[in-house]
Each structure stands twice: as structure tokens, then as C-alpha cells.
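**Q** Build me a model from this:
(2 chains)
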Amino acid sequence: DTGVSQNPRHKITKRGQNVTFRCDPISEHNRLYWYRQTLGQGPEFLTYFQNEAQLEKSRLLSDRFSAERPKGSFSTLEIQRTEQGDSAMYLCASSLAAGGGMTGELFFGEGSRLTVL
Amino acid sequence: AQKVTQAQTEISVVEKEDVTLDCVYETRDTTYYLFWYKQPPSGELVFLIRRNSFDEQNEISGRYSWNFQKSTSSFNFTITASQVVDSAVYFCALIGGSSNTGKLIFGQGTTLQVKP
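**A** So this is what the prediction gives:
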């Protein structure tokens, strides 16, 4: 399968615990995005990387959230001291960008669903 | 501010009916991109179409067609002869600005149920 891969697909945790999600993008894509989707809503942008550089972070991304893409390939999204409000689907997407702009569509993974009890 | 509105929360049709999903957008950018994505129960968002603001030609792809009208800031999506497999949540999305960073602004989605 050469699509965007995310794991774990489901995570149930207790409030206050830390969780980490991993995203493996399509191999030739230099851009990687994280979005969050709550029930009944459209996805909301969290952050994105071009290669290993994190270029933008949404105000939705509080200090408890950190994302990395250390070698410009896979990325991790860590949530520290989880709160019930963090319960959502975390979507990863990748794309190819050239000349500073995105040249095509975003390819999304199936998401990682987080439930905080 | 940029915004995408999908006023139809849920639509239910019987197989073979035509159905139109509405999308209205707001942006002050003169260059922007509009998208439609399909989200089946598996959760993965599937890309359907991308249009830029300078291309108002309508597009048809099989049973799918899109009507882009800048005058009304709308980008509507029609499925002709709907099938059960079309049942999903459909999202309209916008990227404003020429830089095209990939920061999609999504609407709230329209859940389409196609009954046999």
C-alpha cells in the first residue's frame, strides 16, 4: 500500500496521559499536514511540514501538542496531559509541493481516533 | 476571513436519483482553490476535484459534475444516477491565496445516504 499510513488507528486513554500518533506519508511527498476532526465537523488544520521544517502551526495547537518530522519522512504528533476535549480524529495528509506552492491535492490517511476518558 | 458553508447537513435519496450538494465559500483572495473530498465510513478523505479561481468551466467526470459560479461564490457538486456506494460524507474545502500552502478550510460536510 503506497498511501498515507497512520497508527494507531484507535487510542483510548485516561485524562492526563500522554499519547503519540505516527504518520507515514506517501514517500515522494515533501509536505505533511496534521488536521483534527471532531464528530460532525469538517477537519481543522493543525500544522504542516515541508521536509523536516515545521512551517506553520494553528492556534488550535496548544502547548500540550507537539509535532515533529525529524528526517523529512514520517511524522509524530504527541499530546501531553490529555484532556477530554482532545477526543477527536487526527488526520494526516501529504502532498507534493514545488516552487513554494502545492502542485496537487492532499492525500489523507484513515486517521487516528483518540478517546480520552 | 475565509469560510466554507455547506448548508445541507444530511441528504437522503433513493438509488438512481440525481442529487446536488451545495457549497458556498467566502474569501477576500482573488486567487484561491476549491476542493471536494469524500469521506466514506472508513474515515479516509478521498480527493474528488480541485478548481482554481480563474477556471470557471464546469467539469464532468462520469456521474459526477461540478458547477463553479464566482458570481454567487458557489461550487456545487451533482451526482447523477446515485448509487449506494455514493453514501458518504462530502466536504467542500477552500485554500485562499496564491501560495497554496495546503491549509484547507473545510465546510461542515454533507452526509449523503443513498438507499437501495
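**Q** so how far is stretch B:39-53 off the chain centroid?
**A** Here the centre of stretch B:39-53 is set off from its chain's centre by 8 Å, with Cα atoms, centre = their mean, to the nearest Å.
**Q** Could you list the residues in contact with that stretch?
**A** Residues outside stretch B:39-53 that contact it (Cβ atoms under 8 Å, 6 or more residues apart in numbering or on different chains): A:3, A:43, A:89, A:91, A:93, A:104-111, A:113, B:29-38, B:59, B:61, B:64, B:66, B:68, B:70, B:75, B:77, B:87-91, B:109. Yep, even glycine has a C-beta here, placed from its N, CA and C like the rest.
**Q** end-to-end on it?
**A** 24 Å (Cα to Cα, to the nearest Å).
**Q** Whatever residue of chain B ends up closest to chain A: what's it in contact with?
**A** Taking Cβ to the nearest Cβ, chain A has its nearest neighbour within chain B at B:F106, 3.0 Å off. Counting by Cβ under 8 Å, 6+ apart, B:F106 touches A:42-44, B:4, B:37, B:91-93.
**Q** Neighbour-wise, give me the winner out of these.
**A** Neighbour counts for those, by other Cβ atoms under 10 Å in any protein chain shown, peak at B:C92, which reaches 30 neighbours.
**Q** For that one, which non-adjacent residue is spatially closest?
**A** Nearest residue to B:C92 in three dimensions, chain neighbours excluded: B:C23, at 3.4 Å (Cβ to Cβ, 6 or more residues apart in numbering or on different chains).
**Q** List the ones among the contacts of B:F106 that fall in strands.
**A** Members of the contacts of B:F106 lying in strands (criterion: DSSP state E): A:44, B:4, B:37, B:91-93.
**Q** on that earlier part again, would you format the contacts of B:F106 as a markdown table with distance to B:V46 and pLDDT included?
**A** Putting the contacts of B:F106 into a markdown table (distance: Cβ to Cβ, whole Å; pLDDT from 0 to 100) gives the following:
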| residue | distance to B:V46 | pLDDT |
| --- | --- | --- |
| A:G42 | 14 | 95 |
| A:P43 | 13 | 95 |
| A:E44 | 19 | 95 |
| B:V4 | 18 | 96 |
| B:Y37 | 6 | 95 |
| B:F91 | 10 | 97 |
| B:C92 | 14 | 97 |
| B:A93 | 13 | 94 |
